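S.K.: I would like the atomic coordinates for the input below:
(2 chains)
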Amino acid sequence: MEALSVPSISLQNFSTLNNNLLFRNHQILSTIDKCSSSKQLKEVHARMLRTGLFFDPFSASKLFTASALSSFSTLDYARNLFDQIPQPNLYTWNTLIRAYASSSDPFQSFVIFLDLLDKCEDLPNKFTFPFVIKAASELKASRVGTAVHGMAIKLSFGMDLYILNSLVRFYGACGDLSMAERLFKGISCKDVVSWNSMISAFAQGNCPEDALELFLKMERENVMPNSVTMVGVLSACAKKLDLEFGRWVCSYIERKGIKVDLTLCNAMLDMYTKCGSVDDAQKLFDEMPERDVFSWTIMLDGYAKMGDYDAARLVFNAMPVKEIAAWNVLISAYEQNGKPKEALAIFNELQLSKIAKPDEVTLVSTLSACAQLGAIDLGGWIHVYIKREGIVLNCHLISSLVDMYAKCGSLEKALEVFYSVEERDVYVWSAMIAGLGMHGRGKAAIDLFFEMQEAKVKPNSVTFTNVLCACSHAGLVDEGRVFFHEMEPVYGVVPEMKHYACMVDILGRAGFLEEAMELINEMSTTPSASVWGALLGACSLHMNVELGELASDQLLKLEPRNHGAIVLLSNIYAKTGRWEKVSELRKLMRDTELKKEPGCSSIEANGNVHEFLVGDNTHPLSSNIYSKLEEIATKLKSVGYEPNKSHLLQLIEEDDLKEQALSLHSEKLAIAFGLVTLAPSQPIRVVKNLRICGDCHAFAKLVSRVYDRDILLRDRYRFHHFRDGHCSCMDYW
DNA sequence: TTAGGGTTAG
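M.R.: Purely as a prediction, here's the structure:
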């Protein structure tokens, strides 16, 4: 009996104790929800460890959830906490996967998911899958996501609405719109999220028409859209550049009383700027009760894209928080509008200000600006920076580096980067093919094209443009014909205008002018200015007056202000001695106030880019440059150099004036500057905005021999590598 | 005993 009394007492005691514990537990647990800083959370954690409450899986999961999902706690701390939980339950595992899925490192969700399968006694449930699928969408990890989809079906969650909705988004994000649509159509009880997922999938997958159509269908089926729907619809309007429909959507939102939150406001701003009405955007922006970094960046982007850099700068200066995206907007706007120097100035400002840290987008845009300017020192510095900061070299960065090195004249470095990586997508291969092509290595470019086939990478339209360009620069006519004729039947790439222009260039340059004309006549679409330009260039090279007149007529019909066409035609007339025609064209240029684009050459020295215009004497070292030019002239004359005056296109009449004008061509100034400032071991790298003229070409060849210097000159079309009196273009350009 | 899916800038 005694034995009975003891347990009865202890049971009673235990029960009291348990009640107290429950009460205390409840108190501690309820404080978790009230935490508003990581410090408070850590205090609760400590108390739970002291009381042993942390070792109760449910209580631990409460604490963990707060740390994983709260805005004030870091994911690292949460992960640490998770690792301390002796036996995390499925709920806890799911929460960790969820937290990683919306973090900056969604890949961890996969790692944790595999860990769950290995270590958790429960199988994944219907809550697990949406989180894992979300991670797959973020990463566009189509194979992993598809496998996860299969697993969900096996565990008989194939019809769960939440999982299906996540899958629609996942397949959409991976670009498999037909699979997304198949799943969407198969959902028996679609809710508003199902519609939203499909509309966004269309909008983001470059099918804005389908997105808008689906929205109208949703209307017809009386499904009430919410603000998320409208964000997707506005994004489709922005993609379609459909301002009218966009405006209708904005009034629809008002009419239907759809709640306009900050995100929706931003989507409206974005639609207005993308559709070209920055005024509407500015009006809305001014009225917005609340703005976030997105709102500011959209406005900045709007002004920058339309080329209103002053307004963009005002927005930028007013931004309360200058995230890296804002810097990127400015840098890429300058870089893409042919203002690479301004782009580099912003990059410099970013470096000095240390407000934000360059990311991959910054580096891609900056590398492109370096490529445009031929700024190899800065480009190389960025390469070192990437390595130093441990930035992962993705395909985008690799193609930018390859492109930068190739365009700055260092084919070796471009090849080094290309062969140093294992993952190469079609753009990386295409960039390398272009690099070889512009350096006149046509055969190597073609070999690389076939190497790409062996690596099972499918060529696209860019690849073919680059391959054809490579053939053109190297005079590989037969190879060019084969590629052009095989691109559609063998590789499934339909020839576009630029491919026709390349092919006309290949044929024309090699003197097959009639064949080039036949090709133009066979075209099913109207030939563009670039096609006629290629023919005209070839006519100028081979002095074909008849076809030249035809080509320039067509070209001027399409682009009446194309001074290049007039210059080329006058070139043909001058070479064939039709002076009266030359005068007519000169008069036409005067009357229409058409000015020849001034020649401009740039050269990098000690990290600074120096620019020279024709006859420029504004450079601080101008007097040194001109004495150097005189010295060069004397030296070259002694080896038999005669200036070739025909390249002046008879725009200057007096012979001595001509000679003087020739010596003032910008590339000559840049080369002289290079000889003055660069160490004898350094190659002289010059970038010219126009095509190099025959006289400057002969000049550079001789300078390379007389001064024993490598000269790398990039003109509008290609590279000329001068060494020991020869050029890599073999005088075919 | 806890919960999930869809949205905007480069």
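
S.K.: switch to C-alpha atoms for all contacts and neighbour counts from now on
M.R.: Noted.

S.K.: what's the burial count for the closest residue to A:Pro643 other than its chain neighbours?
M.R.: Nearest residue to A:Pro643 in three dimensions, chain neighbours excluded: A:Asp695, at 6.3 Å (CA to CA, 6 or more residues apart in numbering). Counted by other CA atoms under 10 Å, the residues lying close to A:Asp695 total 20.

S.K.: is it true that A:Asp695 lies in a helix?
M.R.: Yes. Under DSSP: H, G, I helix; E, B strand; the rest coil, A:Asp695 sits within a helix.

S.K.: touching stretch A:303-311 from outside, list them.
M.R.: Residues outside stretch A:303-311 that contact it (CA atoms under 8 Å, 6 or more residues apart in numbering) are A:278, A:312, A:329-330, A:333-334, A:337.

S.K.: which among those residues count as buried?
M.R.: Among the contacts of stretch A:303-311, the ones that count as buried by 16 or more other CA atoms under 10 Å are A:278, A:312, A:329-330, A:333-334.

S.K.: which two of these have the greatest separation?
M.R.: Pairwise distances among the buried ones among the contacts of stretch A:303-311 were taken by CA to CA; the largest, 18.3 Å, belongs to A:Val278 and A:Tyr334.

S.K.: look at the residue nearest to A:Pro643 and report its pLDDT.
M.R.: For A:Asp695, the pLDDT comes out at 83.

S.K.: do the same with A:Ser602
M.R.: Looking at A:Ser602, its pLDDT is 89.

S.K.: isn't it up against A:Val686?
M.R.: Yes. Between A:Ser602 and A:Val686 a contact is recorded at 5.7 Å, counting by CA atoms under 8 Å.

S.K.: name the residues contacting each of those two.
M.R.: A:374, A:670.

S.K.: rewinding a little: if we check DNA strand B, which of the buried ones among the contacts of stretch A:303-311 are in contact?
M.R.: Residues shared between these and the neighbourhood of DNA strand B are A:Val329 [CA under 7 Å from any atom of the strand].

S.K.: nearest to DNA strand B, of the buried ones among the contacts of stretch A:303-311?
M.R.: Among those, A:Val329 lies closest to DNA strand B (CA to the nearest atom of the strand), at 4.5 Å.

S.K.: ok, back up a step: can you add secondary structure and pLDDT and give the buried ones among the contacts of stretch A:303-311 back as CSV?
M.R.: Shown next, in CSV, are the buried ones among the contacts of stretch A:303-311 (DSSP: H, G, I helix; E, B strand; the rest coil; pLDDT from 0 to 100):
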residue, secondary structure, pLDDT
A:Val278, helix, 93
A:Ala312, helix, 92
A:Val329, helix, 92
A:Leu330, helix, 92
A:Ala333, helix, 91
A:Tyr334, helix, 91
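
S.K.: reformat the buried ones among the contacts of stretch A:303-311 as CSV; add distance to A:Ala238.
M.R.: Shown next, in CSV, are the buried ones among the contacts of stretch A:303-311 (distance: CA to CA, whole Å):
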residue, distance to A:Ala238
A:Val278, 13
A:Ala312, 20
A:Val329, 18
A:Leu330, 20
A:Ala333, 18
A:Tyr334, 22
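
S.K.: what about A:Ser602 and A:Val686, which has more around it?
M.R.: More neighbours surround A:Val686 than the other of A:Ser602 and A:Val686, with 29 against 25 (other CA under 10 Å).

S.K.: how about the CA coordinates for the strand or helix carrying that one, as PDB?
M.R.: A:Val686 is located in strand A:684-688, with elements delineated by DSSP states H and E. The C-alpha trace of strand A:684-688 is given here as PDB (Å, rounded to 0.1, in the frame of the first residue of the first chain):
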ATOM      1  CA  ILE A 684      50.400  50.100 -78.700                       C
ATOM      2  CA  ARG A 685      46.600  49.400 -78.500                       C
ATOM      3  CA  VAL A 686      44.400  51.800 -80.400                       C
ATOM      4  CA  VAL A 687      40.600  51.800 -80.900                       C
ATOM      5  CA  LYS A 688      39.200  53.700 -83.800                       C
END
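
S.K.: residues of the stretch 51-200 of chain A that sit close to DNA strand B?
M.R.: For the stretch 51-200 of chain A, the contact set with DNA strand B under CA under 7 Å from any atom of the strand comprises A:57-58, A:61-62, A:65, A:89-92, A:94-95, A:98, A:126-128, A:130-131, A:134, A:160-163, A:165-166, A:169, A:191-194, A:196-197, A:200.

S.K.: mind saving the C-alpha coords of whatever helix or strand A:Lys42 lives in as PDB?
M.R.: Under the criterion of DSSP H and E, A:Lys42 resides in helix A:38-51. Extracted C-alpha coordinates of helix A:38-51, given in PDB (Å, rounded to 0.1, in the frame of the first residue of the first chain):
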ATOM      1  CA  SER A  38      17.800  39.200 -32.300                       C
ATOM      2  CA  LYS A  39      19.000  40.100 -28.800                       C
ATOM      3  CA  GLN A  40      15.600  39.300 -27.300                       C
ATOM      4  CA  LEU A  41      15.500  36.100 -29.200                       C
ATOM      5  CA  LYS A  42      18.900  35.100 -27.900                       C
ATOM      6  CA  GLU A  43      17.700  35.800 -24.300                       C
ATOM      7  CA  VAL A  44      14.700  33.500 -24.800                       C
ATOM      8  CA  HIS A  45      17.000  30.900 -26.300                       C
ATOM      9  CA  ALA A  46      19.200  31.100 -23.100                       C
ATOM     10  CA  ARG A  47      16.200  30.700 -20.800                       C
ATOM     11  CA  MET A  48      15.000  27.700 -22.800                       C
ATOM     12  CA  LEU A  49      18.400  26.100 -22.500                       C
ATOM     13  CA  ARG A  50      18.400  26.700 -18.700                       C
ATOM     14  CA  THR A  51      14.900  25.300 -18.200                       C
END
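
S.K.: returning to that earlier point: wait, which of the contacts of stretch A:303-311 is closest to A:Thr525?
M.R.: Among those, A:Asn337 lies closest to A:Thr525 (CA to CA), at 28.3 Å.

S.K.: distance of that closest one relative to A:Ala375?
M.R.: 17 Å (CA to CA, to the nearest Å).

S.K.: with A:Leu436 instead?
M.R.: When CA to CA is the yardstick, A:Leu436 and A:Ala375 sit 19 Å from each other.

S.K.: double-check A:Lys407 against A:Arg714; I have them as touching.
M.R.: Yes. Using CA under 8 Å, A:Lys407 is in contact with A:Arg714, at 7.4 Å.

S.K.: need the overlap of contacts for the two.
M.R.: By CA under 8 Å, 6+ apart, no residue touches both A:Lys407 and A:Arg714.

S.K.: hmm, back to that, what are the buried residues along the helix holding A:Lys42?
M.R.: For helix A:38-51, the neighbour count (16+ other CA under 10 Å) marks A:38, A:41-42, A:44-45, A:48 as buried.

S.K.: flag the least confident of those residues.
M.R.: A:Ser38 (87).

S.K.: what residues does that one make contact with?
M.R.: By CA under 8 Å, 6+ apart, the contact set of A:Ser38 is A:67, A:72-73.
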